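1. Just need the structure, nothing else, for what follows:
(one chain, ligands or ions: 2)
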Amino acid sequence: MDITLCCSHTAIEPWLDGLRAALPQARISAWHSGAPQADYAVVWAPPQQFLDEQPGLKALFNIGAGVDALLKLRLPPQALVVRLDDAGMAVQMAEYVCQAVIRHFRAFDQCEADMRAGRWVARRPLERSAFAVGVMGLGVLGERVARSLAQFEFPVNGWSRSPKAIDGIRAFSGPEGLHDFLAASRVLVNLLPLTPETENILNRDTLARLQSGGYLVNVARGAHLVEDDLLALLESGHLSGATLDVFRTEPLPVGHPFWNHPRITLTPHTSARTLLGESIAQMAGKIVALKRGEAIAGVVDPARGY
Ligand code: NAP
Ligand code: GLV
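-> Ligands and ions are numbered 1, 2, ... in the order given. Now for the predicted structure:
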């Protein structure tokens with residue numbers, strides 16, 4: 001069995017070493033133009049040339065959860081596209097979103113600013129029951145995030161394509177459920193995949209439907225958000241702030257208005273990192289299962305886009 005690795009912006013040696021240790025029977029190498037046909041590929045943002053030169057791949061393993069960039073390429077039609085399925089990301093995403101929501105709800109950023117300025121100010125606690133959090137996307141990451149927020153006793157709403165029943169979560173679904181979901185939420189957490197249906201979904205119309213004083217946490221993809229619409233709603237006061245981990249252009253360009261916005265908290269696409277050990281164990285297990293002819297989880301439906 002031959003496995004080829006083609007991962008941009010990634011130190012490849014640890015992946016080669018880890019996969020060789022996990023699959024000692026396989027021949028594993030870094031791809032180069034002209035390399036022989038492999039059976040399986042481990043990829044992150046590969047060039048089109050890689051796919052054109054590897055038309056016989058049985059499966060492509062993406063070293064991330066989101067496959068939006070990969071699905072823009074011309075893929076070998078028979079190749080399965082396999083996303084990372086949690087692999088240690090869900091707990092990180094739950095940590096990140098809970099800290100962002102709690103930091104805002106408890107006004108910890110204002111406390112820090114007050115204390116740095118030598119001001120001892122005790123703020124009035126907000127009403128938790130009036131602080132409903134809406135989670136867009138109730139997949140591998142969104143469901144974990146929604147359940148974690150509910151542990152802190154926030155009212156939690158969830159929105160997905162298909163109807164769901166999750167204990168403690170008020171579930172909405174489909175385009176027909178979107179407006180009611182937004183109207184029931186004060187904080188909006190985006191954990192949708194980026195697809196033609198979800199691109200620009202965080203816009204003036206949807207964000208204005210959040211309850212007054214609304215807050216946005218975008219941890220999915222930058223292209224979900226119409227940036228000028230967020231800035232306008234912050235300016236108007238309808239939204240009180242945002243925590244953003246992902247951006248239309250990454251790294252965030254020098255001079256972008258988000259950099260110094262007083263009500264936007266920024267992080268550099270780091271809310272849920274790919275973890276080497278967990279990811280290699282998951283991919284190696286799936287490659288062995290595929291070799292045995294068994295079904296695996298995390299296979300993407302290219303028509304659906306996730
Ligand atoms: P997932 O398991 O595929 O879940 C996607 C969820 O979105 C599902 O609940 C799905 O509904 C829902 N959905 C998709 N299209 C929809 C639509 N048109 N309308 C309503 N709901 C829709 O994905 P995941 O593993 O949770 O990851 C979500 C995204 O997080 C990834 O695609 C990636 O972009 C992002 N991500 C970001 C980071 C970071 O560090 N910032 C890290 C990892 C992932 P159904 O359940 O009905 O199918
Ligand atoms: C990171 O953004 C991922 O999709 O895993």
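
2. Tell me which residues of stretch 36-50 come out buried.
-> Buried residues in stretch 36-50, counting neighbours by 16 or more other Cβ atoms under 10 Å, are found at 38, 39, 40, 41, 42, 43, 44, 45, 46, 50. For the C-beta atoms, the positions are set from N, CA and C on the backbone; glycine is no exception.

3. show me what contacts the fifth one?
-> Residue 42 makes contact with 3, 4, 5, 6, 7, 15, 19, 61, 63, 283 under the criterion Cβ atoms under 8 Å, 6 or more residues apart in numbering.

4. State the pair within the buried residues of stretch 36-50 that is farthest apart.
-> The span of the buried residues of stretch 36-50, defined through Cβ to Cβ, is set by 39 and 45 at 21.1 Å.

5. interface residues of the protein facing ligand 2?
-> Counting by Cβ under 6 Å from any ligand atom, the chain comes close to ligand 2 at 64, 65, 66, 274.

6. run the last query once more with 5 Å
-> Selection of the chain residues close to ligand 2 by Cβ under 5 Å from any ligand atom yields 64, 65, 66.

7. can you tell me how far the second one sits from ligand 1?
-> According to Cβ to the nearest ligand atom, to the nearest Å, residue 65 and ligand 1 sit 4 Å apart.

8. Hmm, that residue is touching residue 84, no?
-> Yes - using Cβ atoms under 8 Å, residue 65 is in contact with residue 84, at 5.1 Å.

9. got the residue ranges for the strands in this structure?
-> Taking DSSP state E to define them, one finds strands in the chain at 2-7, 27-30, 40-44, 59-62, 80-82, 133-136, 156-160, 169-173, 187-190, 214-218, 239-244, 264-266.

10. Just the pLDDT for the closest residue to residue 14 other than its chain neighbours.
-> Nearest non-adjacent residue to residue 14, counting by Cβ to Cβ, 6 or more residues apart in numbering: residue 276, 5.7 Å away. Looking at residue 276, its pLDDT stands at 97.

11. number of nearby residues for the nearest residue to residue 242 once chain neighbours are set aside?
-> Of all residues not flanking residue 242 in the chain, residue 216 sits nearest, at 4.2 Å (Cβ to Cβ, 6+ apart). Residues lying near residue 216 (other Cβ atoms under 10 Å) number 23.

12. got it, and residue 121?
-> 11.

13. ok, now how distant is it from residue 206?
-> 34 Å (Cβ to Cβ, to the nearest Å).

14. cool, and residue 22?
-> 43 Å.

15. would you turn the strands of the chain into JSON lines with mean pLDDT and distance to residue 253?
-> Below are the strands of the chain laid out as JSON lines (pLDDT from 0 to 100; distance: least, Cβ to Cβ, whole Å):
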{"stretch": "strand 2-7", "mean pLDDT": "98", "distance to residue 253": "24"}
{"stretch": "strand 27-30", "mean pLDDT": "98", "distance to residue 253": "31"}
{"stretch": "strand 40-44", "mean pLDDT": "98", "distance to residue 253": "22"}
{"stretch": "strand 59-62", "mean pLDDT": "98", "distance to residue 253": "26"}
{"stretch": "strand 80-82", "mean pLDDT": "98", "distance to residue 253": "30"}
{"stretch": "strand 133-136", "mean pLDDT": "99", "distance to residue 253": "26"}
{"stretch": "strand 156-160", "mean pLDDT": "98", "distance to residue 253": "31"}
{"stretch": "strand 169-173", "mean pLDDT": "98", "distance to residue 253": "35"}
{"stretch": "strand 187-190", "mean pLDDT": "99", "distance to residue 253": "21"}
{"stretch": "strand 214-218", "mean pLDDT": "98", "distance to residue 253": "17"}
{"stretch": "strand 239-244", "mean pLDDT": "98", "distance to residue 253": "14"}
{"stretch": "strand 264-266", "mean pLDDT": "98", "distance to residue 253": "13"}
